[in-house]
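Student: predicted model follows, preceded by the sequence.
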Amino acid sequence: MKSKKLSEQIIKTFKSNGFVLSEPDVLLDSEYIIQRSGENFRRLMLTFDNEEGKSMCLRPDLTVASCINFLNNKTNSKIYYSGQAYRRSNKKGSDFINNQLGIEILGSKNQTQDDYKVIKTIINSTKEIKRKNLSIKVGDISLFKRLVKSLEMPERWKLRLIRHFWRPKYFEELLKRLEKNSDIEPVTFDTDKKRFNEMKTIKQDKIVAGRSVSEILKRFEKKIKDPRSFMEGKKVVKLIRSYLQINCKLSQLDKRLLNFSLNNNLSKDIFKNFRSIQNLRKLNKEVQFVTNFGREFEYYTGMVFEISSGKKVIARGGRYDDLLKSLGAPKSLPAVGAAFILNNIY
């Protein structure tokens, strides 16, 4: 069978690059995922109650399933997997079953080196299965965070924009509100204060939607103490929209970001030290950098990429330095990975 042969060729490349097989569970505790990774997974999951009345789900994402397996079973940190993810989609004609072959470096120790290792391994695999007309698109979520943190605006707005960057529709609503200097309604603000006081009585290390109670309280405290008046919203929104329109060859990125900083009277140092993206120049391929790319999943924190063959996306991945902690690791463990979308290859 052709599909089996292609999978075997990809796996051979994974193994030759030092990745070891991991077999994450198909059935997962759905409430555990929601509590640890946030509500965004609820709409994706296919859930059911088992004989004991416990809510279970088919794994909606193999990266999340692999991370849980890594934490529970102390598996090798440099892994590959082959299997199916099961999730709903709002896109017409989308499959519930997504066949994937992927790699992860969990507890990544060298961001620049490991980001390059993952994307290079995926590209080498495309050669083995003889994919042609390849195009590579990259972005970096961390650059947007750096930009927002550098701007003169209330802390509460910075937190909102960074936290909801992965939700393009709601993010656009936030920009429109910011543009009109339309802040939270007084009733909502009073509700936040009441909830803030209630949460002080809860165990501080309890996890709620992927964050400890103590972390949530810190956010609330900043919001409550933040000044309520801000009249530069239109200027800030114009700047953010300008940033999100940057779309250029990777070789031109330094110049584009420098011009953006100078044109908006920003420090030239805001975007320095993004070596993991610049390091991709070693691929000796034409890479397109898009600032507005890579926002589909909340857990991405840095470099993101997508590889297409013709009009079909055949592989995608990125860096997710906070996911392992949100799933129960005692501290942040940097990680990066990518997967082939086999449905688009066979």
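Tutor: Perfect, thanks for sending it.
Student: got the phi/psi numbers for the spatially most central residue of the chain?
Tutor: Nearest to the mean C-alpha position of the chain, counting by C-alpha atoms, centre = their mean, stands residue 300 at 1.7 Å. When read as degrees, to the nearest 10, the backbone of residue 300 gives phi -70, psi 140.
Student: equivalent analysis for residue 247, please.
Tutor: Torsion angles at residue 247 (phi, psi; degrees, to the nearest 10) stand at phi -150, psi 110.
Student: next one: the one 4 residues further on
Tutor: Here is the backbone geometry of residue 251 (degrees, to the nearest 10): phi -70, psi -20.
Student: quick check: pLDDT value at it.
Tutor: Looking at residue 251, its pLDDT reads 89.
Student: need the contact list for it.
Tutor: Applying C-beta atoms under 8 Å, 6 or more residues apart in numbering to residue 251 gives the contacts residue 281. Using the backbone N, CA and C atoms, a C-beta is placed for each residue, glycine as well.
Student: cool, and residue 233?
Tutor: Each residue near residue 233 by C-beta under 8 Å, 6+ apart is listed here: 153, 178-181.
Student: can you select the buried ones from those residues in PyMOL?
Tutor: Buried members of the contacts of residue 233 can be picked out in PyMOL with the line below, counting by 16 or more other C-beta atoms under 10 Å:
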select buried, resi 153+178+179
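Student: among the contacts of residue 233, which lie within strands?
Tutor: Nothing among the contacts of residue 233 maps onto strands, per DSSP state E.
Student: I'd like the contacts of residue 233 as JSON lines, with distance to residue 126 and pLDDT appended.
Tutor: Shown next, in JSON lines, are the contacts of residue 233 (distance: C-beta to C-beta, whole Å; pLDDT from 0 to 100):
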{"residue": "153", "distance to residue 126": "42", "pLDDT": "87"}
{"residue": "178", "distance to residue 126": "41", "pLDDT": "91"}
{"residue": "179", "distance to residue 126": "42", "pLDDT": "87"}
{"residue": "180", "distance to residue 126": "46", "pLDDT": "82"}
{"residue": "181", "distance to residue 126": "48", "pLDDT": "74"}
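Student: just the closest of the contacts of residue 233 to residue 89, please.
Tutor: Of all those, the one with the least separation from residue 89 (C-beta to C-beta) is residue 178, at 30.0 Å.
Student: list the contacts for the closest one?
Tutor: Per C-beta under 8 Å, 6+ apart, neighbours of residue 178: 157, 161, 233, 236-237.
Student: which pair of those spans the longest distance?
Tutor: The largest separation in these, counting by C-beta to C-beta, is between 161 and 233 at 11.4 Å.
Student: what sits against the residue nearest to the centre of the chain?
Tutor: By C-beta under 8 Å, 6+ apart, the neighbours of residue 300 are 141, 166, 294, 318-320.
Student: same thing but at 7 Å, please
Tutor: Residue 300 makes contact with 141, 294, 318-320 under the criterion C-beta atoms under 7 Å, 6 or more residues apart in numbering.
Student: tell me which stretches of this protein form helices.
Tutor: Secondary structure of the chain by DSSP state H: the helices cover 2-16, 30-37, 62-73, 111-128, 141-150, 155-163, 168-179, 186-199, 213-225, 233-243, 253-263, 275-278, 323-326.
Student: for the second one, packing partners?
Tutor: In terms of contact count using 3 or more C-beta pairs under 7 Å, 6 or more residues apart in numbering; DSSP states H and E, helix 30-37 is assigned the packing partners strand 55-58, strand 207-208.
Student: deepest of those strands, which one?
Tutor: Highest mean neighbour count of the helices and strands packed on helix 30-37: strand 55-58, a mean of 18 (counted as mean count of other C-beta atoms under 10 Å).
Student: partner strands of that one, with direction?
Tutor: Using DSSP bridges, the strands paired with strand 55-58 are strand 27-29 (antiparallel), strand 46-49 (antiparallel).
Student: so how far is the last one from its chain's centroid?
Tutor: What it means is strand 46-49. Mean C-alpha position of strand 46-49 versus that of the full chain (C-alpha atoms, centre = their mean, to the nearest Å) differs by 25 Å.
Student: which phi and psi does the residue lying closest to residue 109 once chain neighbours are set aside have?
Tutor: Excluding its sequence neighbours, the residue lying closest to residue 109 (C-beta to C-beta, 6 or more residues apart in numbering) is residue 334, at 7.6 Å. Here is the backbone geometry of residue 334 (degrees, to the nearest 10): phi -60, psi 140.
Student: which residues touch residue 334?
Tutor: 107-108, 111, 321.
Student: ok, residue 247 next?
Tutor: With contact taken as C-beta under 7 Å, 6+ apart, residue 247 is in contact with residue 290.
Student: let me know the pLDDT of it.
Tutor: We have a pLDDT of 96 for residue 247.
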